[in-house]
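Peer 1: got a predicted model here, sequence first, then my questions.
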Amino acid sequence: MSDPGSVSGGTGLEASAAAGVDQLSHVDDSSQKQKKPRSLWSDAWGELRTKPTFIISLVIIAIIVLMAIWPTLFTSVDPRHADLDKSLQSPSGAAWFGYDLQGYDVYARAMHGARASLLVGIFATLLTVLIGSTVGIIAGYAKTWIDSVLSRFSDIFAGIPFVLGAIVILTTLNAPTENPGVFRIITQVVLSIAVLSWPVAMRIMRSATLVAKQQDYVKAARGLGASPLRIVFRHLLPNTVAPVLVYATIALGAFIGAEATLAFLGIGLRPPVVSWGVMISESRDYFQSAPHMLLFPAGFVTITVLAFVMLGDAVRDALDPKSR
């Protein structure tokens, strides 16, 4: 007969062992959950949330976007209401930014002008990135002679000075005495900026594609018989979009500044369009007598461009593993 004490002792040992196995399994499960690999984008988001420059730039951009979508949240004054009796009056409690030559409220026009300036920047950036990324990924993945042809084609546009090219394009499309409609002139300015700027996005995408197509996962997909389109959209594009995204963020601010430059030269947006560039253009002859006409819209352009540049720098640092 077996000893009851030994039986009970054996049962206790088995129970302890089972409990230990359960604890180990829970520890293994928790460690596996903790060691779960994170994607580049999740790591970048975790890095961005700790950057003051990212938070500050995001707040500024959010305010600018809110101004563009709902300008009536910031002012109830009609930006096209003119009162010649108040022409060139300085800032006051009734008009925070003063009045321009025609008696327009500069503050109201600055709030409403955000929409046109931001629209030009957004659509010009989207079109530039679309053209440049498409040509760049084709040049980077295709055969040598296709790459050479597309690269030389982009060099032609890259060699054209921006201001000179924009003057030629916009003066060719519009006669000197012609006043095009709002939609037409915005479309022409967007196309002009995109046509003269896409080579930069093309070079960035081409360089990223040349690196990515040498990776093992691309070679494996090619060896398994994947079609070129599947390789491009499934393997190359997700791994090459990060540098183009950084460029697009910085370029958006630069294109808002470009819109103001073209409007100042008299070949970009023009009345009746209300934009920061148009306001700067209208103030160039009155800076000494009414400096507020220039300072406030120019300040909005400067702050907006700076915000997008700060955002782009933060995103670039977050997406670059070597910087961490």
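Peer 2: Alright, I've got the coordinates.

Peer 1: and the strand or helix carrying A314, what does it pack against?
Peer 2: Assigned by DSSP states H and E, A314 falls within helix 292-319. For helix 292-319, the elements it packs on are helix 40-48, helix 52-69, helix 106-141, helix 237-264, helix 276-283, judged by 3 or more Cβ pairs under 8 Å, 6 or more residues apart in numbering; DSSP states H and E. C-betas here are computed from N, CA, C, even on glycine.

Peer 1: what sits closest to the residue nearest the centre of the chain if chain neighbours are left out?
Peer 2: Taking Cα atoms, centre = their mean, the centroid of the chain lies closest to T249, which sits 2.7 Å from it. Nearest non-adjacent residue to T249, counting by Cβ to Cβ, 6 or more residues apart in numbering: G312, 3.8 Å away.

Peer 1: quick check: that neighbour touching V244?
Peer 2: No: if you go by Cβ atoms under 8 Å, G312 and V244 don't touch, sitting 11.5 Å apart.

Peer 1: for the helices and strands packed on helix 292-319, give me a markdown table that also has distance to R206 and mean pLDDT.
Peer 2: Shown next, in a markdown table, are those (distance: least, Cβ to Cβ, whole Å; pLDDT from 0 to 100):
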| stretch | distance to R206 | mean pLDDT |
| --- | --- | --- |
| helix 40-48 | 20 | 71 |
| helix 52-69 | 28 | 94 |
| helix 106-141 | 4 | 95 |
| helix 237-264 | 9 | 92 |
| helix 276-283 | 32 | 93 |
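
Peer 1: ranking these by burial, who's on top?
Peer 2: helix 276-283 (a mean of 25; mean count of other Cβ atoms under 10 Å).

Peer 1: contacts for that one?
Peer 2: For helix 276-283, the surrounding residues in contact (Cβ atoms under 8 Å, 6 or more residues apart in numbering) are 100-101, 106, 109-110, 113-114, 116-117, 256, 259-266, 268-271, 290, 293-294, 296-298, 300-301.

Peer 1: and if you look at stretch 163-171?
Peer 2: 188-189, 191-193, 195-196, 258, 261-262, 265, 267-268.

Peer 1: 10 Å - rerun?
Peer 2: Under the contact criterion Cβ atoms under 10 Å, 6 or more residues apart in numbering, stretch 163-171 has outside partners 157, 159-161, 180, 185, 188-189, 191-193, 195-197, 258, 261-262, 265-268.
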